[in-house]
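1. sharing a model prediction with you, sequence too.
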Amino acid sequence: MISLVVLISGTGSNLRALLEAASDAEYPARIVAVGADRDAPGLAHAEEFGVPTFTVPYTSFESREAWGQALLEQIRAWNPDLLVLSGLMRLLPASVVDALAPNIINTHPAYLPEFPGAHAVRDAIAAGASESGASIIVVDNGVDTGSIIVQERVPVVEGDTEQTLHERIKPVERRLLVQTVLDIADGLDLRTV
């Protein structure tokens with residue numbers, strides 16, 4: 001059984017999928033806490049499942065590094081085996097990544113290395129891409145540059161908007177995330193991905 005801390009910034013649809021999976025006694029992972037960088041609506045999912053939450057507001061700190069140190073203290077208080085970035089819309093400072101690597105994974109709504117960054121779905125539409133996708137990566141100190149654990153293509157269909165494409169990517173992201181956590185619990189070594 002592995003323990004997870006999940007970090008979010010938004011509605012937490014990937015978080016909810018993990019919470020539902022972890023509520024099954026046969027699933028070999030438990031979420032011990034959920035954190036956010038703001039008052040994220042997705043924290044309600046954790047509360048619904050009885051999982052403790054914490055918030056480290058980015059805007060309360062003078063620098064990204066100071067925020068990162070406060071965040072790292074909160075994460076370490078839970079002593080997780082794995083940190084899952086699930087819609088966290090902030091780059092972790094290098095000091096945080098270095099302290100927890102390689103046991104940090106991130107979800108991304110694109111087929112990396114295509115369309116890295118915060119606006120992947122919008123960028124895919126703007127580029128006229130015929131396909132996008134979903135990726136789960138090991139977090140490093142770059143922007144969506146870590147080793148790819150798993151990814152899957154999602155077609156862009158005629159008339160797609162950023163919202164409609166993202167709604168089709170989200171279920172793929174959720175499925176890949178739940179499976180990746182299962183694989184890690186079953187012995188996938190993130191150092192060798």
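-> Okay, I see it.
2. longest helix in the protein, please.
-> If you go by DSSP state H, the chain has its longest helix at helix 162-185.
3. the closest residue in space to V178 that isn't next to it in sequence: which element?
-> Once flanking residues are discounted, V178 sits nearest to A21: 4.6 Å by CB to CB, 6 or more residues apart in numbering. (Glycine included, C-beta is placed from N, CA and C.) Secondary structure assignment for A21, by DSSP states H and E: helix 13-22.
4. taking the mean pLDDT, what do you get for that helix?
-> Across helix 13-22, pLDDT averages out at 97.
5. how about the residue nearest in space to the middle of the chain, what does it touch?
-> What sits nearest the mean C-alpha location of the chain, by CA atoms, centre = their mean, is S86, with 2.3 Å. Contacts for S86 (CB atoms under 8 Å, 6 or more residues apart in numbering) come out as V6, L7, I8, G12, N14, L15, L18, N106, T107, L177.
6. ok, now with 7 Å
-> Counting by CB atoms under 7 Å, 6 or more residues apart in numbering, S86 touches V6, L7, I8, N14, L15, T107, L177.
7. please export the C-alpha coordinates of the helix holding A21 as CSV.
-> Extracted as CSV, the C-alpha positions of helix 13-22 are listed here (Å, rounded to 0.1, in the frame of the first residue of the first chain):
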residue,chain,number,x,y,z
SER,A,13,-11.8,15.9,-11.6
ASN,A,14,-8.6,13.8,-11.7
LEU,A,15,-8.4,13.9,-7.9
ARG,A,16,-12.0,12.6,-7.7
ALA,A,17,-11.1,9.7,-9.9
LEU,A,18,-8.2,8.8,-7.6
LEU,A,19,-10.4,9.2,-4.5
GLU,A,20,-13.0,6.8,-6.0
ALA,A,21,-10.3,4.3,-7.0
ALA,A,22,-8.7,4.5,-3.5
